[in-house]
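Peer 1: build me a model from this:
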Amino acid sequence: MPYLGEIASLLTALCWLGSSLAFAVAGREAGAQPLNQFRLYAALPLLFVLGFVVVGQGWPTNASFERISLIGLSGLLGLVIGDYGFFHALATIGPRLASVIMSLWPACTVGINLLRGESPTSGQLLGIGLTIAGVAMVLMGKREGAWRPDLTARQWVWGCVGALVGALGQASGFVMAEIAMTEGPDMPSGMDPLLATIVRMCAATVGMQVLVCLQRRPFAMVKILRNKKALTAAWIGVICGPVLGVWMSMVGAARSQDTGVASALMATTPILMLPVAMWFYRARVGVLSVIGTVLAVFGVAVCFLQQA
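Peer 2: Residues are numbered from 1 along each chain as shown. Take a look at the predicted model:
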């Protein structure tokens with residue numbers, strides 16, 4: 001299908017918009033850790049069913065140990081560490097600001113590729129500069145109190161740090177998943193994106209369970225189950241995010257004709273979030289924040305188009 005990867009990338013942005021709003025509500029009601037544990041356990045069986053329906057199997061049986069290991073590590077970094085930070089940000093500073101800071105993940109991707117020996121182009125550096133400037137403009141704007149009226153300055157700072165951790169986790173997970181799905185002698189067609197998503201989710205589920213056990217909170221997600229509002233929002237977020245969103249992002253990474261365009265489309269969530277946040281929870285968005293958001297997303301587009 002022509003432009004399958006680009007269409008999937010735009011759908012990814014829409015899915016992340018829905019999941020961010022839903023997970024923000026669930027996280028505000030029950031906390032980031034219970035939410036992270038719940039959505040992994042809830043998404044995994046749905047992905048297995050989807051795998052058998054769409055691909056005819058629930059696991060990439062012909063994939064090498066190296067590919068499985070790399071995909072698994074991408075799940076630990078992106079879906080456990082990264083998403084924990086992002087969920088904390090959603091619950092504290094709200095989905096609009098959290099999504100803007102998350103737009104730094106392409107810049108983080110360029111940094112990771114730099115460590116791999118890939119030097120950034122002047123265009124990529126320009127894109128990174130524009131994104132950072134845009135995020136800075138948004139952070140300089142007046143702090144909105146519509147999402148958490150009782151939010152302290154300390155909580156606001158740690159919420160921003162959580163979003164930055166989310167950006168780093170997403171970037172590292174994306175790079176590793178893209179490498180693992182690449183065509184090779186062992187897999188001429190590459191790894192199927194949906195099966196890669198299942199591997200990532202399995203690794204993330206195991207990693208999350210180990211983490212909550214170490215924290216002596218093995219059943220942290222019970223807090224979600226006991227709160228009807230949190231449970232409803234969490235299920236909506238699961239469908240939009242870990243199932244459809246992660247799957248579409250894998251399709252975008254593997255099937256796009258131009259990975260730069262696909263990645264830029266994935267990063268449009270902050271712009272889509274602006275009118276939704278103003279309507280959904282009456283966010284007070286100033287001119288500086290609007291300009292900064294557009295500038296940040298434009299920088300992402302420049303960065304990825306140059307990378308491609």
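Peer 1: got the CA coordinates for whichever strand or helix holds residue 126 in PDB?
Peer 2: Per DSSP states H and E: residue 126 is located in helix 122-140. Provided in PDB are the C-alpha atoms of helix 122-140 (Å, rounded to 0.1, in the frame of the first residue of the first chain):
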ATOM      1  CA  SER A 122      23.900  20.900   9.900                       C
ATOM      2  CA  GLY A 123      20.200  20.500   9.200                       C
ATOM      3  CA  GLN A 124      19.700  18.100  12.100                       C
ATOM      4  CA  LEU A 125      21.600  20.500  14.400                       C
ATOM      5  CA  LEU A 126      19.200  23.300  13.200                       C
ATOM      6  CA  GLY A 127      16.200  21.100  13.900                       C
ATOM      7  CA  ILE A 128      17.500  20.300  17.400                       C
ATOM      8  CA  GLY A 129      18.100  24.000  18.100                       C
ATOM      9  CA  LEU A 130      14.600  24.900  17.000                       C
ATOM     10  CA  THR A 131      13.000  22.200  19.100                       C
ATOM     11  CA  ILE A 132      14.900  23.100  22.200                       C
ATOM     12  CA  ALA A 133      14.100  26.800  21.600                       C
ATOM     13  CA  GLY A 134      10.400  25.900  21.200                       C
ATOM     14  CA  VAL A 135      10.300  23.800  24.400                       C
ATOM     15  CA  ALA A 136      12.100  26.600  26.300                       C
ATOM     16  CA  MET A 137       9.400  29.100  25.100                       C
ATOM     17  CA  VAL A 138       6.700  26.900  26.400                       C
ATOM     18  CA  LEU A 139       8.400  26.400  29.700                       C
ATOM     19  CA  MET A 140       8.900  30.200  30.000                       C
END
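Peer 1: who touches stretch 119-135?
Peer 2: With Cβ atoms under 8 Å, 6 or more residues apart in numbering as the test, stretch 119-135 has contacts from 100-101, 103-104, 106-107, 110, 113-114, 291-307. C-beta here means a position set from N, CA and C on the backbone, and glycine is covered the same way.
Peer 1: re earlier: how about the helix holding residue 126: buried residues?
Peer 2: The neighbour-count check on helix 122-140 (16 or more other Cβ atoms under 10 Å) flags 124, 127-128, 130-132, 134-135, 137-139 as buried.
Peer 1: same list (those residues) but as TSV, adding pLDDT.
Peer 2: TSV is the format used below for the buried residues of helix 122-140 (pLDDT from 0 to 100):
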residue	pLDDT
124	83
127	89
128	89
130	93
131	92
132	93
134	93
135	93
137	91
138	90
139	87
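Peer 1: of all these, which two lie farthest apart?
Peer 2: 124 and 139 (22.5 Å; Cβ to Cβ).
Peer 1: what lies in contact with stretch 169-184?
Peer 2: Defining contact as Cβ under 8 Å, 6+ apart, one finds that stretch 169-184 is touched by 67-68, 70-71, 73-75, 77-83, 85-86, 102, 105-106, 108-109, 111-113, 116, 189-191, 193, 196, 200, 249-250, 253-254.
Peer 1: one more time with 7 Å, if that's ok
Peer 2: For stretch 169-184, contacts defined as Cβ atoms under 7 Å, 6 or more residues apart in numbering pick out 67, 70-71, 73-75, 77-79, 81-83, 85, 105, 108-109, 112-113, 189-191, 193, 196, 200, 250, 253-254.
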